[in-house]
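Novice: generate coordinates for the sequence data below:
(2 chains)
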Number of protein chains: 2
Amino acid sequence: MYDRILKNLSRFIQLSPQETEIFTSAIKVRHLRRRQYLLQAGDVMRYECFVTEGCLRQYYVDDKGQEHTLNFAFEDWWAGDMYSFLSGQPGKYHLEALEDSTLLLIERQRLEALYDEIPQLNRFYRILLQNAYITMSERINQTLAMTAEERYRSFQQRYPHFEQRLSLKHIASYLGITPESLSRIRSHKK
Amino acid sequence: MYDRILKNLSRFIQLSPQETEIFTSAIKVRHLRRRQYLLQAGDVMRYECFVTEGCLRQYYVDDKGQEHTLNFAFEDWWAGDMYSFLSGQPGKYHLEALEDSTLLLIERQRLEALYDEIPQLNRFYRILLQNAYITMSERINQTLAMTAEERYRSFQQRYPHFEQRLSLKHIASYLGITPESLSRIRSHKK
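Specialist: Here you go, the predicted model:
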């Protein structure tokens, strides 16, 4: 059950057996069925969330009712509304399971205590946050500077092997284009 | 010389005398005159930068030659192109001294080593990154959702007592409005 998350941690830190036990005892397991929500707009994100199985989509709905997909999270990804989680403010995003999913959750206050109990976790989350910051900056820059086709190629790099698990509609909403435009782009390279 | 930066660290961590010595020995001091640049677009940000005196402005110039101010950093603020610093990629921002300024710099590779020598620094930078992430998210949301006048009030909250040190032009460029609009907004409340 915890193999994937421990392997994920081991990218940047090495936990002792005792620390591993403390860490895993803080985890809550949550199963979501396809189309169930972990979070809806207006909720506060109270958990750090790691996906062990399935896929989540983070999106918001604009004033005109249009959906905009910020990102997807597959197995081995950390997911969630980081702004809401860090600030404690209600978020504007929905977090929806696109497949039956298994999530490992750590409650925010519990995580704060874990930073003291397992000081190395500060290192892990520092690096995770650095990467999230870089990713968010690149996403903003890409939206501003790249053509739709370039954004599609970048999406394929970011989510290799995952494309077939996502609907045309959701990929298009991630890229900020219509499903019809995405179909055209795809046919270019076939 | 190091009082301000050590006090800044002490918000989140307590260094031992030995750690303090290791930390301060990693610092390089740099003086900039008004209108000098720490960084120009296309440069890689190689230093973590703390302002002990003066003020920096981070801005970029768009294709039409128009300047857009991302933020200001006064005494006791950490400054810099975080994306470039974390990713090692060339940045798109200029970092200009608006006043004669004194900066404390820590070179990127040196900082990586410091994380091992002073593990608590991971905690400090984790919290710093969290706050930067929250700030960036709020700045994006404000740009999208607030009126110019609301953004000006938010600017005043973010930079209390600093307004008189900044030119009308620079504040307007931070708010994304013309200097004329800013003058109008200011006169509303006088």
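Novice: what bridges to the residue nearest the centre of chain A?
Specialist: Closest residue to the average C-alpha location of chain A: A:Ala79 at 2.9 Å, with CA atoms, centre = their mean. Beta-bridge pairing for A:Ala79 (DSSP bridges): A:Cys49.
Novice: list the contacts for it?
Specialist: A:38, A:49-51, A:56, A:58, A:73, A:95, A:103 (CB atoms under 8 Å, 6 or more residues apart in numbering or on different chains). Glycine gets a C-beta too; all of them are placed from N, C-alpha and C.
Novice: same question, A:Ala41
Specialist: Per CB under 8 Å, 6+ apart, neighbours of A:Ala41: A:60-61, A:90-94.
Novice: and the residue nearest to A:Glu99 when sequence neighbours are not counted, how many neighbours?
Specialist: In this structure, A:Glu99 finds its nearest non-sequential neighbour in A:Gly54, 4.3 Å apart by CB to CB, 6 or more residues apart in numbering or on different chains. Neighbour count of A:Gly54, defined by other CB atoms under 10 Å in any protein chain shown: 20.
Novice: remind me what the helix or strand bottoming out on mean pLDDT in chain A packs against, helices and strands.
Specialist: Here the helix or strand of chain A ranked lowest by mean pLDDT, DSSP states H and E is helix A:120-145, holding a mean of 88. The contact analysis (3 or more CB pairs under 8 Å, 6 or more residues apart in numbering or on different chains; DSSP states H and E) places helix A:120-145 against helix A:108-117, helix A:148-158, helix B:82-87, helix B:120-145.
Novice: going by neighbour count, which residues of that helix are buried?
Specialist: By neighbour count on 16 or more other CB atoms under 10 Å in any protein chain shown, the buried set for helix A:120-145 is A:120-130, A:133-134, A:136-137, A:139, A:142.
Novice: what angle do that helix and helix B:120-145 make?
Specialist: 30 degrees (axes from the mean of the first three to the mean of the last three CA atoms, to 10 degrees).
Novice: give me the distance from helix A:120-145 to the chain's centre.
Specialist: 12 Å (CA atoms, centre = their mean, to the nearest Å).
Novice: so what angle separates the directions of that helix and helix A:148-158?
Specialist: Helix A:120-145 and helix A:148-158 meet at an angle of 160 degrees, taking the same axes, to 10 degrees as the criterion.
Novice: quick check: angle from helix A:120-145 to helix B:108-117?
Specialist: 150 degrees.
Novice: with adjacent residues omitted, what lies nearest to A:Leu103?
Specialist: Leaving aside its sequence neighbours, A:Leu103 sits nearest to A:Arg30 (CB to CB, 6+ apart; 4.7 Å).
Novice: what are the phi and psi values at the one you found?
Specialist: Main-chain dihedrals, A:Arg30, degrees, to the nearest 10: phi -140, psi 130.
Novice: isn't it up against A:Ile106?
Specialist: No. The criterion here is CB atoms under 8 Å, and A:Arg30 misses it with A:Ile106 at 11.2 Å.
Novice: now do A:Leu6 against chain B, distance only.
Specialist: As judged by CB to the nearest CB, to the nearest Å, A:Leu6 and chain B stand 19 Å apart.
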